[in-house]
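S.K.: Below are the sequence and a predicted model for it; my questions follow.
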Amino acid sequence: MSEETKNEVAKTVDEQKFEMIQRKAMMLSKSELIPKQFQGKVADCVIAMDMAERTKSNPLAVLQNLHVIHGKPSWSAQFIIAVINQCGRFEPLRFSIRGEGDDYGCVAYTHYLGEEKTKENAIKSPRITIGMAKAEGWFQKSGSKWKTMPELMVQYRAATLFGRLFCPDLLMGMQTVDELADIKREPKQVILPE
C-alpha cells in the first residue's frame, strides 16, 4: 500500500471516529441523567468523552464528576480516588489518620500492583493536617467543610496529592472542586510595558 493510500485510509478512519464521537455526544447531551451544565451542549460532551477516554473512565462518570469552578474544569475528590483505584497500577488507596487538634491529619498510601506489601515500599502522599488547612486558609473560609467534616477533608486532600505525585496523567493537571473552592481569588496586577 502506498504512503498516499495509507494517509487516505487514516484520514477516513479519523473522520469516522469523529462522527461517532459526535453522535454519542449528541445523544448524551439530550439525556436528563447528565448534569444540567452539560445538557444541550454537544461540544462540552465531546470534551468530557475525550477526558473519559484519557482516564479510561465511563463517560457518564466523567460528566457527573466534572465541575466548572471559577471558569476552570475540576474533578470531584471521589472521582480522583475512583480513577486511582481502577487505573490498574496500584492496590486500592488506603488512608492513615492520626493526631489531635491541629496535628490531626491523613496520609493516603498504597503499593504498586504486584509488589510485596511492606511499610518500606509503600507509596504515600504528603501528610495533610488541620494545621496545614488553617495555614493555607482553607479552614477559615465561609462554609468550609474543614470545620464540619475534617476526617473526610483530610482524606480527600491526601488522595488528591497522591494523584498529583503518582498519576498526574489521570488527573490531567486539573484540581478538585474542593481545591478551587479553597483558593483565594485575588485580583492580578497587570504591568504594561512603557
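M.R.: That came in fine, so what should we check first? Residues are numbered from 1 along each chain as shown.

S.K.: which stretches of the protein aren't confidently modelled?
M.R.: Where the chain drops to pLDDT under 70, the residues are 9-10, 181-194.

S.K.: how about the helices in it?
M.R.: For the chain, helices defined by DSSP state H occupy the ranges 3-29, 42-55, 59-65, 77-86, 130-135, 145-148, 150-166, 168-171, 177-182.

S.K.: To Gly101, which of those helices lies closest?
M.R.: Among the helices of the chain, helix 130-135 comes nearest to Gly101, with 7.0 Å by Cβ to Cβ. (C-beta placed from N, C-alpha, C; glycine too.)

S.K.: circling back: between the helices of the chain, which gets nearest to Gly71?
M.R.: Per Cβ to Cβ, nearest to Gly71 of the helices of the chain: helix 177-182, 9.7 Å.

S.K.: Same list (the helices of the chain) but as CSV, adding mean neighbour count.
M.R.: Compiled in CSV, the helices of the chain are given as follows (neighbours: other Cβ atoms under 10 Å):
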stretch, mean neighbour count
helix 3-29, 12
helix 42-55, 18
helix 59-65, 19
helix 77-86, 20
helix 130-135, 17
helix 145-148, 14
helix 150-166, 21
helix 168-171, 15
helix 177-182, 19
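
S.K.: Out of those, flag the one nearest Lys119.
M.R.: With Cβ to Cβ as the measure, helix 150-166 is the member of the helices of the chain nearest Lys119 (16.6 Å).

S.K.: Break the protein down into its domains, please.
M.R.: Listed by automatic domain parsing, the domain ranges of the chain are 3-69, 78-182.

S.K.: Go ahead and name everything in contact with stretch 153-164.
M.R.: The contact list for stretch 153-164 (Cβ atoms under 8 Å, 6 or more residues apart in numbering) reads 77-78, 80-81, 83-84, 93, 95, 97, 104-110, 123-130, 133, 138, 145-146, 170-171, 175-176, 178-179.

S.K.: Distance from stretch 80-87 to the middle of the chain?
M.R.: In terms of Cα atoms, centre = their mean, to the nearest Å, the centre of stretch 80-87 is set 9 Å apart from its chain centre.

S.K.: how about that stretch as CSV, C-alpha atoms only?
M.R.: Coordinates of the C-alpha atoms in stretch 80-87 are reproduced here as CSV (Å, rounded to 0.1, in the frame of the first residue of the first chain):
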residue,chain,number,x,y,z
ILE,A,80,-9.9,11.0,41.7
ILE,A,81,-10.0,8.2,44.3
ALA,A,82,-12.0,6.0,41.9
VAL,A,83,-9.6,6.7,39.0
ILE,A,84,-6.6,5.9,41.1
ASN,A,85,-8.2,2.7,42.3
GLN,A,86,-9.3,1.5,38.9
CYS,A,87,-6.2,2.5,36.9
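
S.K.: show me the contacts for Pro59.
M.R.: Applying Cβ under 8 Å, 6+ apart, we find Pro59 in contact with Lys24, Leu28, Cys45, Ala48, Met49, Ala52.

S.K.: residues contacting the closest residue to the third one other than its chain neighbours?
M.R.: What sits nearest to Cys45 in space, not counting adjacent residues and going by Cβ to Cβ, 6 or more residues apart in numbering, is Ala25, at 3.8 Å. The neighbours of Ala25, taking Cβ under 8 Å, 6+ apart as the test, are Val42, Ala43, Cys45, Val46, Met49.
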